[in-house]
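Trainee: the amino acid sequence is not available; the structure is as follows:
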DNA sequence: TACTCTTCAGTGACAATGTCACTTAACGCA
DNA sequence: TGCGTTAAGTGACATTGTCACTGAAGAGTA
């Protein structure tokens, strides 16, 4: 997973449709950072002082409770920006979300001063950042809606369908699914066993096979 | 609740520490809007195409479910900006949050083009908007944390203390408190009755008296 | 005062979810 | 093959959500 500078800036900035001028400015001040899969990219004890643009890979942003439960807030994909770190940088407030590299990750970081200047000088850059903020706000609205009003079986069905998109085999432990949804492993186990009894899925250790996607979809859309 | 232009711009822009130059620009392009207490300021069927700055009053931003339950996401106070509308304006995505005027409200709105230009030209304005976004992100993190991991009695105790700050009399129906917390009236009733049995509060129709704040605080901080 | 209406709160049964303290099963590997 | 580790199952119980009601308090009115 090695890339040259010319390589990644092409692909990264290409996807964003930023003009060459902006790209060059970014390049001039940015630094490249890499993380291995599973590494923490940021967290309560590790608040970065720069803005991050993800080039390769995926970051899972989640929040965890004192009791050890966890819920996934959203994922940052290649070509997107992780504004949460920026938010904290700007608002100086504490938060207990963390970002974990779900794959090997390459990103570029922009120091705050450069960020400020680029935001001032380049419309396209500023628009990019604003819309990144907006998307995350909307993401979080969705999470609140799900957690506050959604049924767990429905949410789990949604998650399974998302994970099994294109195929029907999912590699995930009950614990991992619980961490996605912010619930306890036992709850996931109960619901999955129910799904299995109903013929919707098939389970073996660490693996789930979707047997009846249409039915799962009906369930997922029933709320 | 009538104010002259000179009046409200003084106080509004004063609190934000925006320079006079920025104030004048804002003034030039902004329009003043007012809402009566209880009116909807924005909602799913009513997405504004401009950025809003609250001058007088308070807006309650909440999300509601199909089943009729409701949860308060945050409140916009005088001097703050309501970025959720901006977020939707920018991201063009659907959402089901709405803003209700909790008091009579006066705000100024800035058309999108003016917003863009001001963001480009004025550092202080841009910083204001970024930090408004940041604050809301953090607010929502808190909501997610509460809803996903918090106990209802703890959250209710917190809410009671917040509402009873400075005094000890709260005017609120069980239903209203349920809507704050995203739960059902019956749940609030149960917990409040328990609080009363324990001597923490006293209830009459539509009114709650806090009898033992220290104990309530202990409860509120016990998670 | 007594009657009616409306809103607010209480109740009991049950379902869904969360918690706890375990046990059992599957796999990786020496 | 046995061992240690991780994944999953289990039953009891607490908390929270839902439903269909009943009862109670206050506002207005005759």
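Mentor: In hand now; what should we look at? All values reported here derive from a predicted model rather than from experimental measurement.
Trainee: quickly list the domain ranges of chain A.
Mentor: For chain A, automatic domain parsing gives the domain ranges A:5-148, A:150-220.
Trainee: which residues sit in contact with residue A:203?
Mentor: A:192-193, A:196, A:209 (C-beta atoms under 8 Å, 6 or more residues apart in numbering or on different chains). Yep, even glycine has a C-beta here, placed from its N, CA and C like the rest.
Trainee: so which strand or helix has it?
Mentor: strand A:201-204 (DSSP states H and E).
Trainee: got the angle between the top helix by length along chain A and helix B:123-149?
Mentor: Ordering each helix of chain A by length in residues (DSSP state H) puts helix A:123-149 first. Taking axes from the mean of the first three to the mean of the last three C-alpha atoms, to 10 degrees, one finds helix A:123-149 and helix B:123-149 inclined to each other by 20 degrees.
Trainee: how about helix A:123-149, does it reach chain B?
Mentor: Yes: contact check for helix A:123-149 against chain B, using C-beta under 8 Å from any C-beta of the partner chain: residues in range are A:123, A:126-127, A:129-131, A:133-138, A:140-141, A:143-145, A:147-149.
Trainee: residue A:180 - nearest residue in space that isn't next to it in sequence?
Mentor: residue A:72 (4.9 Å; C-beta to C-beta, 6 or more residues apart in numbering or on different chains).
Trainee: and if you look at residue A:132?
Mentor: Excluding its sequence neighbours, the residue lying closest to residue A:132 (C-beta to C-beta, 6+ apart) is residue A:81, at 4.3 Å.
Trainee: buried residues of the longest helix of chain A, list them for me.
Mentor: A:125-149 (16 or more other C-beta atoms under 10 Å in any protein chain shown).
Trainee: so what's the gap between it and the chain middle?
Mentor: Relative to its chain's centre, helix A:123-149 lies at 12 Å (C-alpha atoms, centre = their mean, to the nearest Å).
Trainee: before we move on, what about stretch A:214-223?
Mentor: Mean-position distance between stretch A:214-223 and its chain equals 24 Å (C-alpha atoms, centre = their mean).
Trainee: so how far is residue A:136 from the residue nearest to residue A:29 when sequence neighbours are not counted?
Mentor: Nearest residue to residue A:29, sequence neighbours excluded (C-beta to C-beta, 6+ apart): residue A:114, at 4.0 Å. From residue A:114 across to residue A:136, the span is 21 Å (C-beta to C-beta, to the nearest Å).
Trainee: before we move on, what about residue A:191?
Mentor: Taken as C-beta to C-beta, the span from residue A:191 to residue A:136 is 28 Å.
Trainee: center of chain A - which residue?
Mentor: Centroid-nearest residue in chain A, with C-alpha atoms, centre = their mean: residue A:75, separated by 0.8 Å.
Trainee: is it fair to say that residue lies in a strand?
Mentor: Yes: residue state for residue A:75 (DSSP: H, G, I helix; E, B strand; the rest coil) corresponds to a strand.
Trainee: dump the residue contacts of it.
Mentor: Taking C-beta under 8 Å, 6+ apart as the criterion, residue A:75 is in contact with A:58-61, A:102.
Trainee: doesn't residue A:59 make contact with the residue nearest to residue A:132?
Mentor: No: contact criterion C-beta atoms under 8 Å: residue A:81 and residue A:59 do not qualify, at 10.7 Å.
Trainee: ok, these two, which is more surrounded?
Mentor: Higher neighbour count among residue A:81 and residue A:59: residue A:59, with 26 against 22, using other C-beta atoms under 10 Å in any protein chain shown.
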